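Colleague: Pasting the sequence and the predicted model now:
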Amino acid sequence: MHNEIQSTHLRDLLSTICDPEIPVLTLQDLGVLRDVSLEDDEVTVLITPTYSGCPAVDAMSRDIESTLNAAGYEHVKVRQVLSPAWSTDWMSDEGRKKLLAYGIAPPLRKESGCNNHKGAHIACPQCNSERVKRISEFGSTACKALYQCRDCLEPFDYFKCI
Amino acid sequence: MKEYTTEIRNMVVAYCIALGDDSLTLGHRLSEWSSNAPFLEEDLALTNVALDLIGRARMFYTYAGELEGGGRSEDDIAYLRDCREYRNFLINELPIGDFAQTMARQLIVDVYDMGFFTELTRSTDSTLAAIASKAVKESRYHLRRSKDWVIRLGDGTDESHQRMQTAINTLWDYVPELFAMPADEQLLLDAGIAVDRSALKYVWQSTIDEILHRATLEIPTGNHSIEGGREGIHTEHLGFLLTELQYLQRAYPGLQW
């Protein structure tokens, strides 16, 4: 029982940590937290990297360590698990809403044809128009593509579906 | 991590390092476009692809170091080996050339990577399979880009067409190496760990033929082959690449950010 309470406490602490690149999303929203466990006095946190070269992953590991250290857990190990590979389908509904409010079009669901990338169902986060065009396969980071709305003309980032 | 015999383990380590070398050398080449690309979006795109490739190299090197058990880190493997210890395919170390040559190489490698990593996801080595399943997702959008560019430039102006054709011709002799299987890799294939690269040729060729056709480019007919990367025999270009890549660690051993 004691362990269960502690593990809930650990999860609560971890759920407050934000993505370093997109600070409106927590690691929980992104779906990168796989597991947390406590053995003796060592906490092991398993995370799944989003993109192979994403520099945010190193920052996430550091943030996890420092957050748990500050809460009194001295021995923290963050390990990356590669399998199964992270997918944008793991992003929570809450996370999708936050992204949209932040001005980033959330990733399409995989079943809705994430691979066709014709921009058919991607909506402008400003005016909600689906008349959008892709400017570039990459936006401000590897995980996003740059789009423009044909109606309100605003350029915007689309979080790519992988 | 899997339990291997010493012989197999050493071969898997070498296999991981070769795959890491492919990603690192090409990633480094792409990073040379940083602030030099034709326009801002392209600059971001090229360096983001570089980032994916370097990330891929990190995963292969890290795993190689763990398997080896001798305490070598990803950085040790990247920074402290000389040319003859690098095992990348020669095509990855060639200079970036003009934009056409850069995109032609990306196309050749992206089509190859799609086939290779799709197969590697079925490896009996679960770490290799996991790295592959990440890589294949990324190669999919890398390919979307390189294919678009090759078609756009090939089927573009006289100048862009001619440059793209020259690029394809220049790189063509480096293609056979991608599908040649050395003996060690054959043993790993028999153990269910490695990919049969020779079997990837057919799909690669038909995909490339179709793209070059749409790009109004001619498919080179020569069957000359320049090989040696997997044995550590390189072009003169790798030395210059490593000089730049490794400078800081060579000048200030052990330096950390």
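Modeller: Cool, the structure landed.
Colleague: from memory B:His224 sits against B:Asp173, does it?
Modeller: Yes: in this structure, B:His224 is within contact of B:Asp173 by C-beta atoms under 8 Å, at 4.9 Å. Where C-beta positions appear, they are placed from N, C-alpha and C, glycine not excepted.
Colleague: Of those two, which one has the most company?
Modeller: Legend: neighbour count by other C-beta atoms under 10 Å in any protein chain shown for B:His224 and B:Asp173, higher for B:Asp173 (17 against 9).
Colleague: what about the more buried one, distance to B:Ile91?
Modeller: 9 Å (C-beta to C-beta, to the nearest Å).
Colleague: And A:Lys133, by the same measure?
Modeller: Taking C-beta to C-beta, one finds A:Lys133 at 33 Å from B:Ile91.
Colleague: So if I had to pick from those two, which one is more boxed in?
Modeller: Neighbour count, other C-beta under 10 Å: between A:Lys133 and B:Ile91, B:Ile91 has more, with 23 against 11.
Colleague: give me the number of residues near the residue in chain B positioned nearest to chain A?
Modeller: Here chain B gets closest to chain A at one residue, B:Gly55, 2.7 Å apart by C-beta to the nearest C-beta. Using other C-beta under 10 Å, B:Gly55 is surrounded by 23 other residues.
Colleague: Same check on A:Lys98?
Modeller: Residues near A:Lys98, counting by other C-beta under 10 Å, number 18.
Colleague: Which other helices and strands does the helix or strand harbouring it contact?
Modeller: Per DSSP states H and E: A:Lys98 is located in helix A:93-102. On a contact count with 3 or more C-beta pairs under 8 Å, 6 or more residues apart in numbering or on different chains; DSSP states H and E, helix A:93-102 meets helix A:27-30.
Colleague: The helix it packs on close to chain B?
Modeller: No: residues of helix A:27-30 contacting chain B under C-beta under 8 Å from any C-beta of the partner chain: none, with a closest distance of 15.5 Å.
Colleague: Is chain B within reach of whatever helix or strand comes next after that helix?
Modeller: Later in the chain than helix A:27-30, the nearest helix or strand by DSSP H and E is strand A:33-39. No: shown here: strand A:33-39 not in contact with chain B (C-beta under 8 Å from any C-beta), separated by at least 12.6 Å.
Colleague: Any idea how many residues pack against A:Arg131?
Modeller: 12.
Colleague: how far away is it from A:Ser112?
Modeller: Where A:Ser112 is concerned, A:Arg131 sits at a distance of 18 Å (C-beta to C-beta).
Colleague: Tell me what A:Cys149 is bridged to.
Modeller: A:Val132 (DSSP bridges).
Colleague: Now that it has come up, it's in contact with A:Arg131, right?
Modeller: Yes: between A:Cys149 and A:Arg131 there is a contact at 7.0 Å, judged by C-beta under 8 Å.
Colleague: Count residues in the vicinity of residue 139, would you?
Modeller: I went with chain A, as the question did not name one. Around A:Gly139 there are 23 other residues, counting by other C-beta under 10 Å.
Colleague: The chain in question should be chain B.
Modeller: 26.
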